[in-house]
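1. after the sequence you'll find the predicted model.
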Amino acid sequence: MTTSPTVVRLADLRASLHQWLDAHEEGFAAARRHAEPPSLEAAVVPELGLQRALWDAGFTRWGWPAECGGNGGSAVLRAAVYEQLVLDGYRIPQPMLTIETLGPAIVAFSPELTASHLEACLRGDEVWCQGFSEPEAGSDLAALRCRATSTGNGWAVSGQKLWSSLGTVSQRTAMLARTGDAGHRGITMLLVDLDAPGCEVRPIRASSGRTEFAELFFDETPVGGDRVVGDVNGGWAVAMYLLQWERGMYGWMRQAVLHARLADLLGAVGDLATDDADRIAEAWVRVTALRSSTARTVQRLAAGENLGPEVSVDKVLLATAEQSVLECERRMLPVDFALGDGEADEVFRADWFYARMASIYGGAIEIQRTVVAERVLGLPRSVR
Amino acid sequence: MSQASFVDDALRTTAAQLFGGGDRLVPLAVLVDLGWSELAAEDLPTAVSVLAEEQGRRLGLSRLAELAMCAAAPSLLDPADSALVFAVQPRLGVTFLHGSSVDGIVLADGRGAPTFVVPVSTEGRVTLRRLPAGEVDIAPVTGIDPDARVTRVRCNAEGGVPVEPGAWEAAVAAGSLAVAHELVGVAEAMLDLAVTHVSERRQFGVPIGSFQAVQHRLADVLVDVSAGRAVCRTAWIDRDRFACAAARSAAGRAFETAMRHCQQVLGAMGSTWEHPLHRYQRRGLLLERLLDPAPTLREALSTVVVDQRRAEVLEG
């Protein structure tokens, strides 16, 4: 596959990726789903190798504009590539999960950073993480206090960020900083180098056992004026745009994985009691709902639609799908789950703990329900 | 506005008038005059989804599920002179066992049909037994849904004429989608009733819809209604019978969630005979008995889930 064509059919893209993965099986054995090590840092290394090869071969260039080295075409092509990776037995490289939230926002809000920095991230030469939450700003994101002060030709950032996924393996963070008044109007998004002076990354070990996230500390960390994503004090709009992709494309990626997990589970358990079969069937329907709903979301986002609060539906569907699949696994593979000491068992348990977080990360499910109630159903605003 | 959505809207308006009239039963002849055959031939997904959802939303009655089944498998029966007998016992799935006593129902105005068609499974194959009206025991029943004008049909299940391979499965798939869309319509109507109520009803000086406990219940209903509709949309892509069973199941969940939460937030008012809520509950509870997806879903596990077979839902 060359990197210069301007159109590709979805089915052709899937088929050529399938063939290519077949031909390169040996080189990416460590990036296969069943070869995942318990350590996130160890898992990411072969995933970045796969990510780079996919970019160089052109597959993941589809759906990104030429300005960042892409082949152009709809973001729907990216969705097809992610699903095909899982269908062929591979992990979706974890850095691509953050790419799917940060990338579209960078493209939409910063042509300059798209041209100067995005390709390194897309190719896997760098990993970027989100820097959104803070100790005092979780569900109430607009309460964030990490401050960026103008230095004339740039910014000095001071404060703390929390729960940055992949923070321990990242080189940069797209973070939200307060540059103006309190509330959502005084926030700016900045792309900050994590090796800059005054910046410190501390890993946080999750209940899963993995260092799923990190906390980021900034002390007068210098950031260039060219690192603003969108408008100064316009960061809220960038974050809201970004969250739509996080709901839609992240949910889409996870449905691919959850489908594969159900297939694995059925392969592992043999004969099923009727109630177990019904429970797996129910989980399958939930994953199907996630797939159907996020496919539509991705398509509408790719077409330039602004979906707004509706995407909260996908987030609720994600949480229920994740948890129903992993609950099936826990119930039906109880011995591996409780007593297994192999690496695969450790990963299994870590994934189960991770699924428990699906109703918390990226905006707690209670917040999503409030958004749906007030902004989709139009119910009267609650007292906060 | 695209051509497709223009057709959708026009059909929706027509359907709303049809099912919202004085008599909510829309006879087969009216659907035929409306141009059902042309609509179905041109765009079955639009025809079924729009009509069935409006039917559900307005507590309408028709033989739409059968029409959808016949559109997918014309050899099944001619609705003009035959009515399909639906199984309602969960363990039976969608057919009657050979040698058992048939105890099923016909929908809407099917009771006057000269012939009744009973799907009988014989050693894993589906056969259709066609019985003249005189050979079946027909009794109108009130049951859970007095508005539904259900007719209970009893006879013996003996083997009949084998159905051509795949035809019954295709019919059940399309019928499941019709029932699924209707359940989505019922659930959505219940949600509308609840949203209106909690926005107006005030307690402690504020509308009760401003309490998160109330909001979150109704948000869950919306999520499940959206999911039900999304799975239906996907299932129409290649009308795979497993995907259609998934749609029927997801729509069943939307109804169950609506039933659980809407009555709760409608409070005592929603628990009266005067309030329309129970009529929707009753309709949904009846529809839930039709084309039970559980057996098909169990079968899907070994074939579809393990093989990772699924429709291409992306376009672009």
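-> Thanks, I have it.
2. only C-alpha atoms from now on, for both contacts and neighbour counts.
-> Fine.
3. any weak-confidence spans in the stretch 1-150 of chain A?
-> Residue ranges of the stretch 1-150 of chain A with pLDDT under 70: A:1-6.
4. any idea how far the residue of the stretch 1-150 of chain A found nearest chain B lies from B:Arg233?
-> Of all residues in the stretch 1-150 of chain A, A:Val76 sits closest to chain B, at 6.1 Å by Cα to the nearest Cα. According to Cα to Cα, to the nearest Å, A:Val76 stands 18 Å off from B:Arg233.
5. any idea how far chain B is from A:Leu379?
-> 6 Å (Cα to the nearest Cα, to the nearest Å).
6. which SSE is that residue in?
-> Under the criterion of DSSP states H and E, A:Leu379 resides outside all helices and strands.
7. can you get me a residue count around it?
-> A:Leu379 has 26 neighbouring residues, counting by other Cα atoms under 10 Å in any protein chain shown.
8. contacts for stretch A:142-161?
-> A:131-137, A:176-179, A:182-184, A:187, A:215-226 (Cα atoms under 8 Å, 6 or more residues apart in numbering or on different chains).
9. span of that stretch from start to end?
-> With Cα to Cα, one end of stretch A:142-161 sits 13 Å from the other.
10. got the buried residues for it?
-> A:142-149, A:154-161 (16 or more other Cα atoms under 10 Å in any protein chain shown).
11. so what's the spatially closest residue to A:Gly180 that is not a sequence neighbour up against?
-> Of all residues beyond its chain neighbours, the one nearest A:Gly180 is A:Gly186 (3.9 Å), with distances taken as Cα to Cα, 6 or more residues apart in numbering or on different chains. By Cα under 8 Å, 6+ apart, A:Gly186 lies in contact with A:178-180, A:233-235.
12. one more time with 10 Å, if that's ok
-> Contact analysis of A:Gly186 by Cα atoms under 10 Å, 6 or more residues apart in numbering or on different chains lists A:142, A:144, A:177-180, A:232-236.
13. surely A:Leu301 touches A:Glu246?
-> No - using Cα atoms under 10 Å, A:Leu301 is not in contact with A:Glu246, being 11.1 Å away.
14. who touches both of those two?
-> A:Pro104.
15. so for stretch A:170-177, mean pLDDT?
-> Stretch A:170-177 shows a mean pLDDT of 98.
16. list the buried residues in it.
-> A:170-177.
17. nearest to chain B, of these?
-> After measuring those against chain B - Cα to the nearest Cα - the closest member comes out as A:Leu176, at 28.2 Å.
18. list the beta-bridge partners for that closest one.
-> Counting by DSSP bridges, A:Leu176 forms beta bridges with A:Met189.
19. if we can go back for a sec, okay, the residue nearest to A:Gly180: pLDDT?
-> Reported pLDDT for A:Gly186: 97.
20. what about the helices in the stretch 51-200 of chain A?
-> Per DSSP state H, counting those that start in this stretch, the stretch 51-200 of chain A carries helices over the ranges A:76-87, A:94-109, A:111-113, A:119-123.
21. now residue 232: closest residue in space, sequence neighbours ignored.
-> Since no chain was named, I'll use chain A. Nearest to A:Val232 is A:Thr188, by Cα to Cα, 6+ apart, at 5.3 Å.
22. actually it's chain B I care about, not the one you picked
-> B:Ala247 (4.8 Å).
23. which residues are in contact with that neighbour?
-> A:285, A:288-289, B:173, B:176-181, B:227-236, B:241, B:253, B:293.
24. repeat the analysis, applying 7 Å as the threshold.
-> Under the criterion of Cα atoms under 7 Å, 6 or more residues apart in numbering or on different chains, the neighbours of B:Ala247 are B:177, B:180, B:228, B:231-232, B:235.
25. what would those look like in a markdown table with pLDDT?
-> Output for the contacts of B:Ala247, formatted as a markdown table (pLDDT from 0 to 100):
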| residue | pLDDT |
| --- | --- |
| B:Leu177 | 98 |
| B:Ala180 | 98 |
| B:Gly228 | 98 |
| B:Val231 | 97 |
| B:Cys232 | 98 |
| B:Ala235 | 97 |
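26. ok, the residues you listed vs chain A, which is closest?
-> So of the contacts of B:Ala247, ranked by how close each gets to chain A (Cα to the nearest Cα), first place is B:Val231, at 5.4 Å.
27. touching, the closest one and A:Ala289? I think so.
-> Yes - using Cα atoms under 7 Å, B:Val231 is in contact with A:Ala289, at 5.4 Å.
28. pull up the gap between B:Ala171 and A:Trp20, please.
-> 40 Å.
29. do the same with A:Pro93
-> 17 Å.
30. who has more neighbours, the two?
-> More neighbours surround A:Pro93 than the other of A:Pro93 and A:Trp20, with 23 against 15 (other Cα under 10 Å).
31. contacts only, for the more buried one.
-> By Cα under 7 Å, 6+ apart, the neighbours of A:Pro93 are A:44, A:47-48, A:51.
32. include neighbour count when you put these into JSON lines, please.
-> Formatted as JSON lines, those follow (neighbours: other Cα atoms under 10 Å in any protein chain shown):
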{"residue": "A:Val44", "neighbour count": "23"}
{"residue": "A:Glu47", "neighbour count": "24"}
{"residue": "A:Leu48", "neighbour count": "22"}
{"residue": "A:Gln51", "neighbour count": "26"}
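33. keep those, but drop any that are not near chain B.
-> By Cα under 7 Å from any Cα of the partner chain, no member of the contacts of A:Pro93 lies near chain B.
34. list the contacts for the residue minimising distance to the centre of chain A?
-> Against the mean C-alpha coordinate of chain A, by Cα atoms, centre = their mean, the closest residue is A:Leu97 at 3.1 Å. Residues near A:Leu97 by Cα under 7 Å, 6+ apart: A:Tyr250.
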